[in-house]
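[1] no FASTA, just this:
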């Protein structure tokens, strides 16, 4: 997060992820990248956030390798921002955030933004499945264990983003 | 989020979820509730955050029905905070955040916090599956559609938490 919370001394992958994407607006920037936005002005218009905040968020996401810059105009020089493979890997986070908000914040009618699983045609109700055995994973089927001398989030941050 | 980002005019379930759990520290409070913490002093010791910040986070999570208060001592009166069904439903969000950080922040060795799927005994690599057909869901299999006149996040917030 940086601005208002210091997760850097945590030895935890959740804290590590939040250090990269936990800033205000960042997850909505990524959400809109999944929805096809790639240019500064598009995000600015869609989100209505301050230009300096948006510029800072895009810069951080590039430093962390979640987005990559690509020149789309030479005169004047203009970059667009595209999700990398690392960025696309966040889709599970977005889908679970969406499902929880749909169910528990908006309730019955949902938010009106509908995700459909095109393969079967149903409204997507995402479940967590195990990549190894393919079974649905329930919270009680997860065991947590901690190694000694775990690295901290701070040790894992790219130098230019620290 | 409230403090530094205003998501209230968004009509989006992701923004709705972040309005509830997007504050700094909040997801780590919930993480530790999943790990069995239930008392103010335990979180304070584990996270090392300011007492007023922790108190505000717990209060907000109770207002939103993610945690519920339960008296565990009458003299002096002391509450503990337990995950509700709504709170437990966040485990998919936590598991996907964990997996991304493990892979993309900590990399090869992981963070040293290992989640094991006890049913098959493997390290948990969570995938998104469709509750309807049971298949693994790929990003390209998701279609997004938007209804007209969608409600905003602000309209969905409980009055006492607004």
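    That came through, no problem. Everything quoted here is computed from the prediction, not taken from an experiment. Numbering: from 1, shown residues only, chains lettered A, B, ... in the order given.
[2] Residue A:80 belongs to a helix?
    No - secondary structure of residue A:80 (DSSP: H, G, I helix; E, B strand; the rest coil): strand, not part of a helix.
[3] Please give me every residue in contact with it.
    By CB atoms under 8 Å, 6 or more residues apart in numbering or on different chains, residue A:80 lies in contact with A:38, A:39, A:69, A:70, A:72. Placement of C-beta: from N, CA and C, glycine included.
[4] repeat that with 7 Å
    When contacts are counted by CB atoms under 7 Å, 6 or more residues apart in numbering or on different chains, residue A:80 touches A:38, A:39, A:70, A:72.
[5] Likewise for residue A:154?
    Contacts of residue A:154 by CB under 7 Å, 6+ apart are A:8, A:9.
[6] Where is the longest helix in chain A?
    Using DSSP state H to define each element, chain A has its longest helix at helix A:51-63.
[7] So the following helix or strand past it, near chain B or not?
    Sequence-wise, the next helix or strand downstream of helix A:51-63 (DSSP states H and E) is strand A:67-73. No - Strand A:67-73 lies apart from chain B when judged by CB under 7 Å from any CB of the partner chain; the minimum separation is 13.2 Å.
[8] Determine which two of the contacts of residue A:80 are furthest apart.
    Pairwise distances across the contacts of residue A:80 peak at 10.6 Å for A:39 and A:70 (criterion: CB to CB).
[9] Please say which of the two ends up with more neighbours.
    Neighbours per residue (other CB atoms under 10 Å in any protein chain shown) separate residue A:39 from residue A:70, with residue A:39 holding more: 14 against 11.
[10] So for the more buried one, what's the nearest residue that isn't a sequence neighbour?
    In space, and not counting its chain neighbours, residue A:39 is closest to residue A:80: 5.2 Å by CB to CB, 6 or more residues apart in numbering or on different chains.
[11] Going along the chain, name the strands of chain A.
    A:67-73, A:78-83, A:113-117, A:122-123, A:126-130, A:142-146 (DSSP state E).
[12] Please identify the most buried of these.
    Of all the strands of chain A, strand A:126-130 has the most neighbours on average by mean count of other CB atoms under 10 Å in any protein chain shown, namely a mean of 22.
[13] on that earlier part again, out of the strands of chain A, which is closest to residue B:157?
    strand A:113-117 (17.6 Å).
[14] now check the closest one, is it near chain B?
    Yes - using CB under 7 Å from any CB, strand A:113-117 reaches chain B at A:113, A:114, A:115, A:116, A:117.
[15] Can I get these in JSON lines including pLDDT?
    Formatted as JSON lines, those follow (pLDDT from 0 to 100):
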{"residue": "A:113", "pLDDT": "94"}
{"residue": "A:114", "pLDDT": "94"}
{"residue": "A:115", "pLDDT": "96"}
{"residue": "A:116", "pLDDT": "97"}
{"residue": "A:117", "pLDDT": "97"}
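[16] Residue B:152: which of the residues you listed is nearest?
    Using CB to CB, the residues of strand A:113-117 next to chain B come closest to residue B:152 at residue A:113, 12.0 Å.
[17] can I get the contacts of residue A:80 in a markdown table with pLDDT and distance to residue B:98?
    Formatted as a markdown table, the contacts of residue A:80 follow (pLDDT from 0 to 100; distance: CB to CB, whole Å):
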| residue | pLDDT | distance to residue B:98 |
| --- | --- | --- |
| A:38 | 98 | 28 |
| A:39 | 97 | 32 |
| A:70 | 96 | 31 |
| A:72 | 91 | 35 |
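[18] Closest one of the residues you listed to chain B?
    residue A:38 (15.9 Å; CB to the nearest CB).
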